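S.K.: Let's see this in three dimensions:
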Amino acid sequence: KIEPHIGDAASLRALQAECASRGMLLMLDVVANHVGPIHSLQQVAQLGPPVLNRSDLAQFHTLDRRADESLQQYIDAPVEMQQAGSGCWPWYRFGAGCNRTIILDGWFGDLADLNQTVPEVEAYLLDWIGEMVGEYRLDGLRLDTALYVPNWFLEKFQRAAAVYIVGEVTTLNVSLHRSFTPPLTGLLNFPLTSRLPALFSRGGSLTELRDTLQAQRAAGYPAAGTRLANFIDNHDGPRFVLNHSLAQLRSALTFVLLWHGVPVVYYGTEQLAVSNQTDQRTAQWPHYGTTQLGAFLAQLHALRRAHGLAANGSFANSTARVLSATAGELTFERAGLLVTVRNGREVGEPGCIEPRDLPPAWRGVCGRDGPARVAQVLSAAASSVGAAKLAVARPWCDAAARLCLPAAAGGEPSAFALSHGQS
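M.R.: Okay, here's the model as predicted:
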C-alpha cells in the first residue's frame with residue numbers, strides 16, 4: 001500500500017505515466033534492511049502487515065538479547081550497528097576492529113533490523129518488491145543501506161525486482177564494494193565519489209582521482225563500471241558548493257556527467273538558494289528559476305546527447321580513459337571527447353598529450369591540418385543565460401607533435417571534439 005500522507009496508488013500510476021510520456025524513467029527509493037523508528041511494542045503493533053507487527057519481535061534481529069531481558073528492554077537498548085567497532089567506517093575491514101555480525105544484525109540506531117532469515121519476512125519482502133515494480137511499472141530502484149543486508153538475500157531481492165537496482169554501499173573499500181555487484185546490478189559509487197569534494201579542492205590532488213579510477217578498473221566491476229552511479233553530494237553530507245568555488249563545482253559536475261557510469265545530480269544543485277546551504281535537505285521549492293548553473297548543466301546534457309553518451313546513445317556504455325593527471329588537472333577521453341577537469345590549484349606547464357595516447361581518430365591532429373580541426377565544446381562563459389556561442393580557446397601542437405590543451409580561465413573545466421571543418 002502507498003502511505004496515504006504522500007499519495008495513493010492512482011497518484012503513483014499517474015506519475016509513472018507522466019514520466020513515460022516525457023521519456024523519463026521512474027525509480028523508487030526502497031529499504032529492505034529495517035523499518036522506521038521503534039521505541040515501544042505499541043509502535044511495533046502499528047506496522048501494518050501481520051508479518052511485521054508480531055509481538056514476539058521474531059521479525060527483527062534481537063542480537064545478544066539476554067534471557068532475563070524483556071522485549072521492551074531490548075527495544076530501549078538494542079545492539080546497534082554503530083557498536084560494530086571503530087575499524088568499520090569507512091573501510092569495513094571485517095575482523096577484530098569491525099564485527100560483521102553486528103553490521104548485518106544490529107539495529108540502525110532506533111530503526112529495527114529486519115530478520116530476512118525468517119521465512120515469512122523473506123517472502124513478504126520479495127513479494128512486496130515484485131508487486132511494486134509490476135503494479136507501478138517502475139524502471140529501477142535505489143536500495144537504501146544495502147551494506148547491512150546479507151548478500152544471499154540481495155541476490156533474491158534483485159531477482160524478484162527484475163529491474164536495475166543501485167545499492168547504497170557506503171564504503172571506501174573497493175574490494176568490499178565490488179562484492180555487492182553482483183548480487184546487485186549497480187551501486188552508488190562511494191569509493192570514488194566520497195573523495196570528490198576533497199579532490200576537487202585546492203588542497204586535493206587529481207592524481208589521487210586517477211589512482212582511484214585505476215583501482216576500480218582493476219577490481220573488475222561488471223560492465224566495466226558503467227552501472228556505477230557517480231555523484232558529488234547527497235542528502236547525508238554537506239552540499240558540495242558550500243565549501244567550493246563555482247569553478248570547482250562545474251569541474252566536478254563535468255566529471256560526473258562525462259565520465260562513464262550513471263550520473264546523479266542531487267536536487268537543487270543549480271539553485272544556490274538550495275545547494276549553498278548548511279542544511280543539505282533544504283527544500284527545492286520555490287526555487288525553480290533559470291540560472292547559470294542550470295545553463296551549464298544543459299550544456300553537459302547537450303554534449304551527452306550529441307556524442308551518444310545519453311540514454312540509448314551509441315556510446316552510452318562506453319568507458320572513459322585517463323590521458324594525463326597532475327595535482328591540479330585531469331584529462332580523459334570518451335567517445336571522441338577530450339575533457340579536462342580542474343580543482344583550482346595552480347597548473348604549471350600546459351597539459352600536452354603524446355600522440356600514442358590520443359584516441360585513434362585524433363592521432364593525426366598534429367599533422368598537416370593542425371589543431372584547427374579541434375573545437376571547444378564546453379565553456380563556462382557560455383553558461384550565462386542567453387549566451388549565443390562558446391568562447392574560443394585553441395589547442396596547439398608542440399615540437400614533439402603532442403597536442404597541448406589550453407588552460408581554462410579560473411580553473412574551469414573544458415572539453416574538445418574534432419570538427420569536420422573549420423570551427
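S.K.: C-alpha from now on. contacts and neighbour counts both.
M.R.: OK.
S.K.: Point out the other helices and strands that the top helix by length along the chain packs with.
M.R.: Longest helix of the chain, by residue count under DSSP state H: helix 119-136. Helix 119-136 is packed against helix 9-21, helix 151-161, with contacts defined by 3 or more CA pairs under 8 Å, 6 or more residues apart in numbering; DSSP states H and E.
S.K.: pLDDT averaged over the first one - what is it?
M.R.: Average pLDDT, helix 9-21: 97.
S.K.: starting at the chain centroid, how far to whichever helix or strand comes after that helix?
M.R.: The helix or strand immediately downstream of helix 9-21 is strand 27-31, counting by DSSP states H and E. Relative to its chain's centre, strand 27-31 lies at 15 Å (CA atoms, centre = their mean, to the nearest Å).
S.K.: still on that earlier bit, list of residues touching the longest helix of the chain?
M.R.: With contact meaning CA atoms under 8 Å, 6 or more residues apart in numbering, helix 119-136 is reached by 12-13, 16, 32, 51-52, 59, 114-116, 138-139, 153, 156-157, 160-163.
S.K.: Repeat the analysis, applying 6 Å as the threshold.
M.R.: For helix 119-136, the surrounding residues in contact (CA atoms under 6 Å, 6 or more residues apart in numbering) are 13, 116, 157, 160-161.
S.K.: Below-threshold pLDDT in the chain: ranges please.
M.R.: Residue ranges of the chain with pLDDT under 70: 348-349, 369, 381-393, 409, 420-423.
S.K.: Relative to its centre, which residue of it is most distant?
M.R.: Distance from the C-alpha centroid of the chain peaks at residue 68, with 45.2 Å (CA atoms, centre = their mean).
S.K.: Roughly how far does that residue sit from residue 44?
M.R.: Distance of residue 68 to residue 44, given as CA to CA, to the nearest Å: 21 Å.
S.K.: likewise residue 237?
M.R.: From residue 237 across to residue 44, the span is 30 Å (CA to CA).
S.K.: Which of those two has more residues huddled nearby?
M.R.: Of the pair residue 237 and residue 44, residue 44 is the one with more neighbours under other CA atoms under 10 Å, namely 20 against 12.
S.K.: So the more buried one, which state does it fall into?
M.R.: Classification of residue 44 by DSSP: H, G, I helix; E, B strand; the rest coil places it in helix.
S.K.: Excluding chain neighbours, give the residue nearest to it in space.
M.R.: residue 53 (5.2 Å; CA to CA, 6 or more residues apart in numbering).
S.K.: State whether the one you found is indeed within a strand.
M.R.: No: under three-state DSSP, residue 53 falls outside any strand and is assigned coil.
S.K.: Can you verify my assumption that it contacts residue 41?
M.R.: No: with contact defined as CA atoms under 6 Å, residue 53 does not count as touching residue 41 (8.9 Å).
S.K.: residues in contact with whatever helix or strand comes next after the longest helix of the chain?
M.R.: Downstream of helix 119-136, the next assigned helix or strand under DSSP H and E is strand 140-144. The contact list for strand 140-144 (CA under 6 Å, 6+ apart) reads 27-31, 163-168.
S.K.: Run through the helices of this structure in chain order.
M.R.: Under DSSP H, the chain gives helices at 9-21, 41-45, 71-76, 100-105, 119-136, 151-161, 174-178, 190-193, 196-199, 206-219, 246-258, 272-275, 292-306.
S.K.: Any chance of a markdown table for those helices, columns distance to residue 415?
M.R.: Shown next, in a markdown table, are those (distance: least, CA to CA, whole Å):
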| stretch | distance to residue 415 |
| --- | --- |
| helix 9-21 | 31 |
| helix 41-45 | 55 |
| helix 71-76 | 55 |
| helix 100-105 | 43 |
| helix 119-136 | 39 |
| helix 151-161 | 37 |
| helix 174-178 | 29 |
| helix 190-193 | 21 |
| helix 196-199 | 19 |
| helix 206-219 | 17 |
| helix 246-258 | 9 |
| helix 272-275 | 25 |
| helix 292-306 | 9 |
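S.K.: Go through those helices and name the closest to residue 90.
M.R.: helix 190-193 (9.2 Å; CA to CA).
S.K.: Run through who's touching the closest one.
M.R.: With contact meaning CA under 6 Å, 6+ apart, helix 190-193 is reached by 170-172, 231-232.
S.K.: Identify each buried residue in stretch 262-281, please.
M.R.: 262-265, 267-271, 274-277, 280-281 (16 or more other CA atoms under 10 Å).
S.K.: Just the C-alpha atoms of that stretch, please, in PDB.
M.R.: Taking Å, rounded to 0.1, in the frame of the first residue of the first chain, the C-alpha atoms of stretch 262-281 are listed here in PDB:
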ATOM      1  CA  VAL A 262      25.200   6.700 -14.200                       C
ATOM      2  CA  PRO A 263      25.400  10.400 -13.400                       C
ATOM      3  CA  VAL A 264      23.500  11.600 -10.400                       C
ATOM      4  CA  VAL A 265      22.800  15.300  -9.800                       C
ATOM      5  CA  TYR A 266      21.300  15.900  -6.400                       C
ATOM      6  CA  TYR A 267      18.200  18.100  -6.500                       C
ATOM      7  CA  GLY A 268      18.700  21.800  -6.300                       C
ATOM      8  CA  THR A 269      22.400  21.800  -7.400                       C
ATOM      9  CA  GLU A 270      21.700  24.500 -10.000                       C
ATOM     10  CA  GLN A 271      19.900  26.700  -7.400                       C
ATOM     11  CA  LEU A 272      22.300  28.300  -4.900                       C
ATOM     12  CA  ALA A 273      19.500  29.200  -2.600                       C
ATOM     13  CA  VAL A 274      19.100  25.400  -2.200                       C
ATOM     14  CA  SER A 275      22.600  24.000  -2.600                       C
ATOM     15  CA  ASN A 276      24.700  26.600  -0.900                       C
ATOM     16  CA  GLN A 277      23.200  25.900   2.500                       C
ATOM     17  CA  THR A 278      24.300  24.200   5.700                       C
ATOM     18  CA  ASP A 279      21.100  22.100   5.600                       C
ATOM     19  CA  GLN A 280      21.700  19.600   2.800                       C
ATOM     20  CA  ARG A 281      17.900  18.800   2.800                       C
END
